[in-house]
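In: got a sequence here, can you model it:
(one chain, ligands or ions: 4)
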Amino acid sequence: LESMAVDADYDGVRLEKEMTQEFITDMIERFKNGKKIPKKYVYQIVIAVKNISYDEATMVEMKIPDDATLTVCGDTHGQYFDLMELFRLNGLPTEKHYYLFNGDFVDRGSWSCEIALLLYAYKWLRPKSFFLNRGNHETDDMNKVYGFEGECKAKYNERTFKLFSESFSALPLATLIGSKYLVLHGGLFSDDKVTLDDIRKLNRHTQRQPGQSGLMMEMLWTDPQTEPGRGPSKRGVGMQFGPDVTKRFCDNNGLDAIIRSHEVRMEGYEEEHGGKCITVFSAPKYCDSTENKGAYINIGPDYKLDFHKFDAVPHPNIKPMAYAQNSLMSMT
Ligand SMILES: O=C(O)c1nn[nH]c1-c1ccccc1
Ligand SMILES: [Mn+2]
Ligand SMILES: [Mn+2]
Ligand SMILES: [Mn+2]
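Out: Ligands and ions are numbered 1, 2, ... in the order given. Here you go, the predicted model:
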């Protein structure tokens with residue numbers, strides 16, 4: 001990598017051995033103007049975050065310092081210009097303004113590389129105040145069909161996608177906030193006996209893709225339902241869990257609530273299961289079609305949940321899934 005040359009026509013900020021705020025500020029503007037960064041830098045950023053993430057716990061545990069705020073964001077799905085709007089309204093990540101992105105950064109929207117590289121650059125710059133959970137779209141099967149693999153190949157190359165794929169497998173699966181809120185992309189389990197310790201002990205490195213069963217699959221795929229008990233998934237993968245399941249899990253594990261994403265909500269967020277299951281979704285006007293708002297949650301040292309909604313903003317005329325490979329071809 002060291003011997004790789006930076007593209008001669010690159011006119012942006014140089015990246016040396018460590019990430020800098022100056023590089024990020026410049027990269028944000030380049031991406032807004034439809035520009036790219038050198039492949040050498042893409043490899044450096046993705047490898048750095050793969051290594052950082054690999055060493056994190058499967059369930060990251062963090063507290064909110066007295067002088068800090070944490071913002072929890074849900075699915076962004078490649079909607080870069082809407083993420084810029086979120087940062088405009090709520091502030092960019094800083095040493096004291098922590099962010100947690102709860103999976104599904106990529107696929108669907110056609111600026112998935114830009115979002116993934118920006119979130120990764122912040123993770124590299126401030127690994128203790130910027131957090132990433134894996135979503136079901138940080139997986140090979142989904143990236144092949146829903147656009148990220150095609151976008152990586154179109155904008156960069158195959159090696160870029162392979163490196164992202166390896167980094168996705170390294171991502172934590174959940175983040176515990178102040179022992180009160182468990183944040184994970186999908187939801188709860190087919191087994192009432194699952195505890196936080198089971199999640200802590202889960203070795204995510206032995207299984208790179210979630211598969212069709214098990215704790216990892218359920219954390220990335222399940223959905224809440226209004227009916228008590230458990231029911232079949234509408235997605236064909238995982239299952240659905242009712243308010244009693246959520247209550248038992250929270251009571252057994254000393255939690256106030258779970259915070260999850262994975263589903264569109266018309267107001268961007270929704271408090272379900274008597275407030276013990278919260279959905280937050282941060283891709284407004286999803287796929288340029290659903291009339292939903294986006295939302296994010298600000299949490300201060302008092303651990304109160306402060307919900308904020310936001311609207312989609314105009315973006316360059318590139319449709320969702322613009323780089324998706326012909327899905328029939330990818331069936332081969
Ligand atoms: O692409 C999405 O909307 C999505 N976000 N999380 N899961 C999905 C999904 C899963 C299976 C099939 C289609 C979409
Ligand atoms: Mn999603
Ligand atoms: Mn999802
Ligand atoms: Mn507020």
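
In: which residues of the stretch 1-150 of the chain lie near ligand 2?
Out: For the stretch 1-150 of the chain, the residues in contact with ligand 2 (Cβ under 5 Å from the ion) are 75, 104. Every residue, glycine included, has its C-beta placed from N, CA and C.

In: which stretches of the stretch 1-150 of the chain form strands?
Out: For the stretch 1-150 of the chain, the strands defined by DSSP state E, counting those that start in this stretch occupy 59-62, 69-73, 97-102, 130-133.

In: next to ligand 1, which bits of the protein? Give me the list.
Out: Within the chain, the positions lying close to ligand 1 (Cβ under 6 Å from any ligand atom) are 104, 107-108, 136-137, 146, 235, 262.

In: how about the residues of the chain near ligand 3?
Out: Near ligand 3, when you scan the chain using Cβ under 5 Å from the ion, you find 104, 135-136, 262.

In: could those be laid out in TSV, adding distance to residue 2, pLDDT and neighbour count?
Out: Converted to TSV, these look like this (distance: Cβ to Cβ, whole Å; pLDDT from 0 to 100; neighbours: other Cβ atoms under 10 Å):
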residue	distance to residue 2	pLDDT	neighbour count
104	34	99	28
135	33	98	30
136	35	98	22
262	40	98	26
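
In: going by distance to residue 57, which of those wins?
Out: Residue 57 lies nearest to residue 135 out of the residues of the chain next to ligand 3, by Cβ to Cβ, at 17.8 Å.

In: so what's residue 116 up against?
Out: The contact partners of residue 116, taken as Cβ atoms under 8 Å, 6 or more residues apart in numbering, are 105-106, 148, 164.

In: partners of the helix or strand containing residue 297 in the sheet?
Out: Assigning secondary structure by DSSP states H and E places residue 297 in strand 294-299. The pairing partners recorded for strand 294-299 under DSSP bridges are strand 69-73 (antiparallel), strand 305-310 (antiparallel).

In: ranking those strands by burial, who's on top?
Out: strand 69-73 (a mean of 23; mean count of other Cβ atoms under 10 Å).

In: quick one, it and strand 97-102 angle?
Out: 20 degrees (axes from the mean of the first three to the mean of the last three Cα atoms, to 10 degrees).

In: with only the CA atoms kept, save the strand holding residue 297 in PDB.
Out: Only the C-alpha atoms of strand 294-299 are listed here, as PDB (Å, rounded to 0.1, in the frame of the first residue of the first chain):
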ATOM      1  CA  GLY A 294     -36.000  10.800   8.700                       C
ATOM      2  CA  ALA A 295     -35.100  10.900  12.400                       C
ATOM      3  CA  TYR A 296     -32.300  10.700  14.900                       C
ATOM      4  CA  ILE A 297     -32.100  10.600  18.700                       C
ATOM      5  CA  ASN A 298     -30.000  12.900  20.900                       C
ATOM      6  CA  ILE A 299     -29.100  11.400  24.300                       C
END
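
In: so that strand, near ligand 2 or not?
Out: No. For a cut-off given as Cβ under 5 Å from the ion, strand 294-299 has no contacts with ligand 2; the smallest distance is 12.3 Å.

In: residues in contact with that strand?
Out: 64, 69-74, 82, 86, 90, 177, 181, 259, 265, 267-269, 278, 280-284, 305-312.

In: now it: mean pLDDT?
Out: Average pLDDT, strand 294-299: 99.

In: what do you get for stretch 148-157?
Out: 98.

In: and that stretch, what's buried?
Out: Neighbour-count burial for stretch 148-157 flags 148-152, 155-156 (criterion: 16 or more other Cβ atoms under 10 Å).

In: return that stretch as CSV; C-alpha atoms alone will do.
Out: C-alpha atoms of stretch 148-157 as CSV (Å, rounded to 0.1, in the frame of the first residue of the first chain):
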residue,chain,number,x,y,z
PHE,A,148,-23.2,-1.4,-3.0
GLU,A,149,-21.1,-4.0,-4.8
GLY,A,150,-21.9,-2.5,-8.2
GLU,A,151,-21.3,1.0,-6.9
CYS,A,152,-17.9,0.0,-5.5
LYS,A,153,-16.9,-1.5,-8.8
ALA,A,154,-18.2,1.4,-10.8
LYS,A,155,-16.6,4.1,-8.7
TYR,A,156,-13.5,2.3,-7.5
ASN,A,157,-12.8,-1.4,-8.2
